[in-house]
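Build the 3D model from these lines:
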Amino acid sequence: MYPYIPNTADDEKRMLETIGVNSIEDLFSDIPKDVKLNRELNLKPSMSELEVANYMTKLSQTNKTINDLTCFLGAGAYDHYIPSIVGHITSRSEFYTSYTPYQAEISQGTLQYIFEYQTLICDLTGMDVSNASLYDGGTAIAEAAFMASSITRRNKIVISKTVNPEYREVLKTYAHLQGIELVEIEDEEGTTNLDELKKHVDDKTAAVVIQSPNFFGVIEDIEAIEKIAHSQKKTLLITSVDPISLGILKSPGSLGVDIVVGEGQPLGIPLAFGGPYLGFMATTKAHMRKMPGRIVGETVDVDGKRAFVLTLQAREQHIRREKATSNICSNQGINTLAAAVYLVTLGKEGLREVALQSTQKAHYAFNQITKSGNYKPLFNKPFFKEFAIASSVDADKINQKLLEENILGGYSLQKDYPQYKNGILYAVTEKRTKEEIDILSSVLEGII
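Prediction:
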């Protein structure tokens, strides 16, 4: 690695002597030989700083971003417009260098924006209390499942297969290690199979987990699912939502949901090659003491002035992890701030406008793509900003052809849902124009 690592051979020798080993190989002798690389790293000869800069620039230019492509890909991460003020605020040094606000007296600014964020999430979801926050949409579902298990003292979670496959994989990993039984409910024409759900919800069920709009973009019948979930005493209903959709859809709180979770990436957080993102969670007052993460409360100081503190947190979260309600130890602070700034900037009417434009443009795209009959809808159900289309052409071939036209195509459903061969999930946000949608439709027709 010379000259990138400044230690000389003499430095290396002295360090090894100090710790009592003769070589680097001896230092790693506890690692079995069959898991070692057993060869030199495949690295080019050392280069100057200028050469490295040129090399890295060339590598970066092999990537294509949404600045180069027209994006119709969603499936959990979305190309929404981010107002410039979001970046201006989050790039201030007092925010991007701040740490967990353990000492309230020197963290009032951080605590205030977390408090404002929590208030906004509660307003959006119709719930009583929110935390700040979770790693992403997947861990939010897993944490909600643990929370429900702790509240009900049951270890069975029933989850719909219309929930994002990545979220379900995260839950499976967490649940296995916690001894939680996981039952997956098949979909029926793009929504949760209610008859099958009824069969599996019993007095051992801690929670029913759904997503609406679901992974296929379809709006689930939350009212019917709520009745099934709550037909069993103590069983909770966990719903994962797209926060943008709440600009026009009924709030989960008004539909009887017990715990609301979701991915906060649409709220002013860039795609960023997959992260870091923001998981949000909100619940009722009855369950707030079991909620993981941080909760900021509003109070007054000795002078009677408005002040903020961390509240309802057990010390076990920090020093006795085996007794903690959760092992979440980051509040995703910079993303929490971005979401708060985004929501405040747009306001109620702005969020509604983003939601309306997204759903109207998505429906326009749906109609344009399917009008010839060469592409057919997979489901005949109401959807928000994503829809599934199938054709006689392989999904990967379609996406490759679209990429040649600088279009980032949709998500191939066959990867996670083999029954939907050649199915593609397209996402349309407020950023897409009529011209871009028409070009997409035209290129798709040319492929057929």
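
Please count neighbours and contacts with C-alpha atoms only from this point.
Noted.

all helices of this structure, in order?
9-19, 24-27, 49-60, 84-90, 93-96, 108-125, 137-152, 165-178, 194-200, 222-229, 316-319, 333-370, 395-404, 434-447 (DSSP state H).

mind checking pLDDT for residue 325?
Confidence at residue 325, expressed as pLDDT, is 68.

The chain should start at 519 in everything you say after this.
With 519 as the first residue, the last one maps to residue 843.

picking up where we left off before, okay, the helices of the chain, which one's buried deepest?
Highest mean neighbour count among the helices of the chain (mean count of other CA atoms under 10 Å): helix 655-670, with a mean of 24.

Touching it from outside, list them.
652, 673-675, 684-686, 688-689, 692-693, 724-725, 752-754, 756, 758, 777, 779-782, 796-799, 805, 808-810, 843-844 (CA atoms under 8 Å, 6 or more residues apart in numbering).

Residue 788 - how many residues pack around it?
20 (other CA atoms under 10 Å).

ok, now which ones touch it?
Applying CA under 8 Å, 6+ apart to residue 788 gives the contacts 597, 600.

Any stretches of this structure with poor pLDDT?
When residues are selected by pLDDT under 70, those of the chain lie in 519-522, 831-841, 843, 845, 847.

go again using 50 as the cut-off
Scanning the chain for pLDDT under 50 picks out 519, 834.

Could you dump the helices of the chain into a markdown table and include distance to residue 766?
Putting the helices of the chain into a markdown table (distance: least, CA to CA, whole Å) gives the following:
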| stretch | distance to residue 766 |
| --- | --- |
| helix 527-537 | 63 |
| helix 542-545 | 60 |
| helix 567-578 | 39 |
| helix 602-608 | 23 |
| helix 611-614 | 32 |
| helix 626-643 | 11 |
| helix 655-670 | 21 |
| helix 683-696 | 24 |
| helix 712-718 | 25 |
| helix 740-747 | 15 |
| helix 834-837 | 37 |
| helix 851-888 | 6 |
| helix 913-922 | 31 |
| helix 952-965 | 22 |
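
Nearest to residue 931 among those helices would be which one?
helix 913-922 (8.5 Å; CA to CA).

List only buried entries from the contacts of helix 655-670.
652, 673-675, 685-686, 688-689, 692-693, 724-725, 752-754, 756, 758, 777, 779-782, 796-799, 805, 808-810, 843-844 (16 or more other CA atoms under 10 Å).

on that earlier part again, mind checking which of the contacts of helix 655-670 are in strands?
If you go by DSSP state E, the contacts of helix 655-670 have 674-675, 724-725, 754, 756, 758, 777, 779-781, 797-799 in strands.

Looking at those, spot the one nearest residue 898.
Using CA to CA, the ones in strands among the contacts of helix 655-670 come closest to residue 898 at residue 758, 21.8 Å.

and the closest one, what does it touch?
Contact analysis of residue 758 by CA under 8 Å, 6+ apart lists 655, 659, 727, 728, 729, 730, 778, 779, 780.

Go again with 6 Å.
By CA atoms under 6 Å, 6 or more residues apart in numbering, the contact set of residue 758 is 729, 778, 779, 780.

Which one, of the helices of the chain, ends up nearest to residue 939?
Nearest to residue 939, of all those, is helix 913-922, at 8.2 Å by CA to CA.

Okay, angle between that closest one and helix 952-965 too, please.
Counting by axes from the mean of the first three to the mean of the last three CA atoms, to 10 degrees, helix 913-922 lies at 130 degrees to helix 952-965.

Give me the residues contacting helix 913-922.
Contacts for helix 913-922 (CA under 6 Å, 6+ apart): 927, 930, 940.

now with 10 Å?
582, 587-588, 907, 909, 923-932, 939-943, 958, 961-962, 964-966 (CA atoms under 10 Å, 6 or more residues apart in numbering).

mind listing which of the residues you listed are in strands?
Per DSSP E, the contacts of helix 913-922 map to strands at 588, 907, 925, 926, 929, 930, 941, 942, 943.

For these, which two are the farthest from each other?
Spanning the widest gap among the ones in strands among the contacts of helix 913-922 are 588 and 941, at 19.9 Å by CA to CA.

So these two - more neighbours on which side?
residue 941 (27 against 22).

can you list the ones in strands among the contacts of helix 655-670 in CSV and add distance to residue 531?
CSV is the format used below for the ones in strands among the contacts of helix 655-670 (distance: CA to CA, whole Å):
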residue, distance to residue 531
674, 56
675, 56
724, 58
725, 59
754, 61
756, 58
758, 55
777, 57
779, 53
780, 52
781, 50
797, 47
798, 50
799, 52
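
Go through those residues and say which is closest to residue 900.
Checking the ones in strands among the contacts of helix 655-670 against residue 900 with CA to CA, the nearest one is residue 758 at 17.4 Å.

From residue 603, how far out is the closest one?
To residue 603, residue 758 is 28 Å away according to CA to CA, to the nearest Å.
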